[in-house]
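> Just to be clear, the model below is a prediction. Sequence and coordinates:
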Protein chains: 2
Amino acid sequence: MIKAYAAMDAGGKLVPWQYEAGALGPDEVEIAVDYCGICHSDVSMLDNEWGMSAYPLVAGHEVVGHIAAVGSAVSHLKTGQVVGLGWHSGYCQVCSTCGSGDQNLCASAQGTIVGRHGGFADKVRANASAVVPLPEGMDAKTAGPLFCGGITVFNPMVQFDVKPTDKVAVIGIGGLGHLGLQFLRAWGCEVTAFTSSASKAAEAKELGAHYCINSRNAAEIEQAAGRFDFIISTVNVTLDWNLYLSTLKPKGRLHFVGATLEPLNIGVFGLIMAQRSVSGSPVGSPATIAKMLEFAVQHNIKPVVETFKFAQINEALAHLKSGKARYRIILEH
Amino acid sequence: MIKAYAAMDAGGKLVPWQYEAGALGPDEVEIAVDYCGICHSDVSMLDNEWGMSAYPLVAGHEVVGHIAAVGSAVSHLKTGQVVGLGWHSGYCQVCSTCGSGDQNLCASAQGTIVGRHGGFADKVRANASAVVPLPEGMDAKTAGPLFCGGITVFNPMVQFDVKPTDKVAVIGIGGLGHLGLQFLRAWGCEVTAFTSSASKAAEAKELGAHYCINSRNAAEIEQAAGRFDFIISTVNVTLDWNLYLSTLKPKGRLHFVGATLEPLNIGVFGLIMAQRSVSGSPVGSPATIAKMLEFAVQHNIKPVVETFKFAQINEALAHLKSGKARYRIILEH
C-alpha cells in the first residue's frame, strides 16, 4: 500500500489516504519519496481548475527520492539511487516527437498527477524513462522544484538558443522567475527582472538580476525600448504585452511559460516591423532536465525554499495560495 | 528633371509630375526605370493609410531598371547594369543590426517611397547598398515583384530555417502567396494552400501547392490538426488564428507577413502546450534578396503578372484595388 495525502473532491482539504499500486510494470520504477515540492499546478489540479482532475487525487510532481524497486526491463536505474520526477511520468517513446528528443511535447506524455497518483505520498511510481538521477554534488532537499519550475524556465534557454551575449529579462519573480534569474545569470547574460513588488527587487538582484524594472510603471518600461533579445514571462496575469514587445530588439522573442488565461492580444505590426517572435513552452525532456541539473550543480543554482512537514501539507498549500512563499515550498518527512 | 506619376493628395488620382533630384550623392545610384511592380503598400502610402505619407507622393518600390549614373564612391555597380530596388532605398550601415546583416531591420532604414520619391517615374535614386543586380538568366520584365512581395515571403524561410522536410502552408493566394507557393515547392517542402477562393485552388496547385484547404471551412481546417511545421500568413483580414495554431506540429511556427490591423488574440495555452511560435517579418536584406534572385532563376520561379503601360497607371491601381489582379501588376513604358 502507498500512503498518500489525497483530495477527495475539488478544493477539499488533503487527507491521509492509501492505495494499492499493484504489480510494478517492467518499465516502471518505484520511488521512495524523500522530498516533494509544491507547484502552482498542483493547486490547479487539486481544485480542478483545468477540468481534468479525477478524485481521490494525489498531487505532487516535484519529487526527489530514492529508487525502492525497479521493473524487470529497467537497466539504467538501480535500487537506492537518488532520483527526481517532474510533471511527466512517462512518454510513448515511439512517436516522431519522442524520437526527436522532444518527449516533453509528446501528445501521449503521461502527467505524473493526471489520471494517476503523484508525490504527496511515501512512494510514487513512474516509467523509468521519465526519472532522472541527481548528479553528484546536488542537494537533494532543495532539488525537487528544479524538476518542474526549474526545467520550465531552463528549457526555453536551450530550445531558443539564448546566448551569453544576449540581454534578457524575466517577468515575475516567483517560483519560476527566481530560478530563471539564476539560470540566466549563470548563462552569462545581462539579466533584468520585471517585478511589481518593491520588496522583491533587492532579492532579484541577489538572485542574479543586474537591473530591475517596475512591471507596473509603463514609463519605466518604455525606457527599455529595443533593449532585450529574450524575455521570459512567468506570470499568469494579463500585462500590456505590446508594451513588453516594444522592449525587444529586432529578432527578439517574448516567451511565455506562465499560463495567462486571457488571450494575448498581440498587434501584428510590432511583430512584423522588427521580426519579433512570441512563443510558449511547457517543461523539458529528460535529457534537458539532466543537462539542467549538471548546470545547476556547476553554478551552485538552488531553489530558494521554505520547508514544511508532509503532515503540515494543508498549511503548506494555504501558504502557497497566499502568494507569500519565498520562493518555493518543499515537503519533507 | 525626373518625370513621375504623383498623387497630389491622399487618395487622389496620379498625375504626371516632375521633380529636380539635385546632385547625385557619392553613395547613390540613379536607375532608369524599365519596369515597376505595384504592391498593396503603394496603395496604402498613396491613400495615407499609415499616416506617414507626404505629397506630392511618387510611389513604386518594385523597380527593375538599368543604372543610369553612379555616385563617386560607388564601385560595385556600373552604368548600364540591370538592377532592382525594393521597399528600402538605403540603410544606416553602421548600427549593430546592419552590422549583423539585418539591414532590413535597421531602425534608420530609408523607405523607397517614405519621405522620398519612388519608381512610378522614368528614374529613381537610391543608396547603392540597397540596389541588387539581376542575376544572369532572370527575366527583367517580371522580376520587379520579387523585390518586395517575393522577398517578403522568401526571407522568413531563410530566417527561420525552413527545411525541405517540413510540411508548410500558405494562407492567402495573392501577390505574396502565389510566390510563397513557388518558393516553398522549390525548397522541397510539402506545400498546402489555404484559400477562400475556389477559383484559386486549381491555380494554387499549378503554382506548387500539393494540397488546398478552404480557409473558410473550419471543419476542413480542423482535420489538419498538428500537421504543419510552418505556416505563413499573407492576408490582412482576421481569421481564427487559434484554429490555425492548432494545425501546427509541436515546435511549429505561424508567421505573419500580412499586416492584419486587428490584434491577434492568441491563446497562450496553444503556444505553451506544443512549444509553438507566432512571429512576423518585413522584407529582407540585400544579401538575402540576392540569394532569392539566384534561387528564383535556378528554379524558374516567376511572378505571375498582368502588364499595364505607365500611362495607364490609374487603371492599373483600380484593377489592383478591385482584388482581381492575377497575381501582380507590372508597369512598363
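Happy to help now that I have it.
> only C-alpha atoms for contact and neighbour calcs from this point on.
Fine.
> The helix of greatest length in chain A close to chain B?
The longest helix of chain A (DSSP state H) is helix A:286-298. No: judged by Cα under 8 Å from any Cα of the partner chain, helix A:286-298 stays clear of chain B, getting no closer than 14.7 Å.
> Pick out the residue of the stretch 51-200 of chain A closest to chain B.
Residue nearest to chain B within the stretch 51-200 of chain A (Cα to the nearest Cα): residue A:105, separated by 5.8 Å.
> so what strands line up beside whichever helix or strand comes after the longest helix of chain A?
Next helix or strand after helix A:286-298 toward the C-terminus (DSSP states H and E): strand A:305-309. Partners of strand A:305-309 in the sheet, by DSSP bridges, are strand A:328-332 (parallel).
> Now find how far off-centre the lowest-mean-pLDDT helix or strand in chain A is within its chain.
Taking mean pLDDT, DSSP states H and E as the measure, chain A has helix A:198-207 as its least confident helix or strand, at a mean of 92. On the basis of Cα atoms, centre = their mean, to the nearest Å, helix A:198-207 sits 20 Å off its chain's mean C-alpha point.
> Quick one: list the elements packing against that helix.
Counting by 3 or more Cα pairs under 8 Å, 6 or more residues apart in numbering or on different chains; DSSP states H and E, the packing neighbours recorded for helix A:198-207 are helix A:177-186, strand A:190-195, strand A:211-214.
> and the angle from that helix to strand A:190-195?
Angle, helix A:198-207 to strand A:190-195, by axes from the mean of the first three to the mean of the last three Cα atoms, to 10 degrees: 160 degrees.
> can you list contacts of helix A:198-207?
Identification of contacts with helix A:198-207 by Cα atoms under 8 Å, 6 or more residues apart in numbering or on different chains yields A:173, A:178, A:181, A:182, A:193, A:195, A:211, A:212, A:214.
> Up against chain B, what does chain A have?
Residues of chain A lying near chain B (Cα under 8 Å from any Cα): A:97, A:105, A:250, A:256-257, A:259-269, A:271-282.
> Buried ones among these?
Neighbour-count burial (16 or more other Cα atoms under 10 Å in any protein chain shown) is assigned, among the residues of chain A next to chain B, to A:97, A:105, A:250, A:256-257, A:259-260, A:264-269, A:271-282.
> Among the contacts of helix A:198-207, the buried ones, what's the ChimeraX command?
Restricted to buried positions by 16+ other Cα under 10 Å, the ChimeraX selection for the contacts of helix A:198-207 reads:
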select /A:173,178,181,182,193,195,212,214
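> among the contacts of helix A:198-207, which two are most distant?
A:182 and A:214 (19.1 Å; Cα to Cα).
> For stretch A:230-243, C-alpha coordinates in CSV please.
Taking C-alpha atoms only, stretch A:230-243 is exported to CSV below (Å, rounded to 0.1, in the frame of the first residue of the first chain):
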residue,chain,number,x,y,z
PHE,A,230,14.8,37.4,-25.0
ILE,A,231,12.0,37.9,-22.4
ILE,A,232,10.5,35.1,-20.4
SER,A,233,7.1,35.7,-18.8
THR,A,234,6.3,33.6,-15.7
VAL,A,235,3.2,35.4,-14.6
ASN,A,236,-0.4,34.3,-15.1
VAL,A,237,-1.9,37.8,-15.1
THR,A,238,-2.5,40.0,-18.2
LEU,A,239,0.0,42.7,-18.8
ASP,A,240,0.4,45.2,-21.7
TRP,A,241,2.1,42.6,-23.9
ASN,A,242,2.5,45.1,-26.8
LEU,A,243,4.4,47.3,-24.5
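> For that stretch, buried residues please.
A:230, A:231, A:232, A:233, A:234, A:235, A:242, A:243.
> Rank the residues you listed by pLDDT and give me only the lowest.
Confidence by pLDDT is poorest for residue A:235 among the buried residues of stretch A:230-243, given 94.
> did I read that right, it in a helix?
No: counting by DSSP: H, G, I helix; E, B strand; the rest coil, residue A:235 falls outside a helix, being coil.
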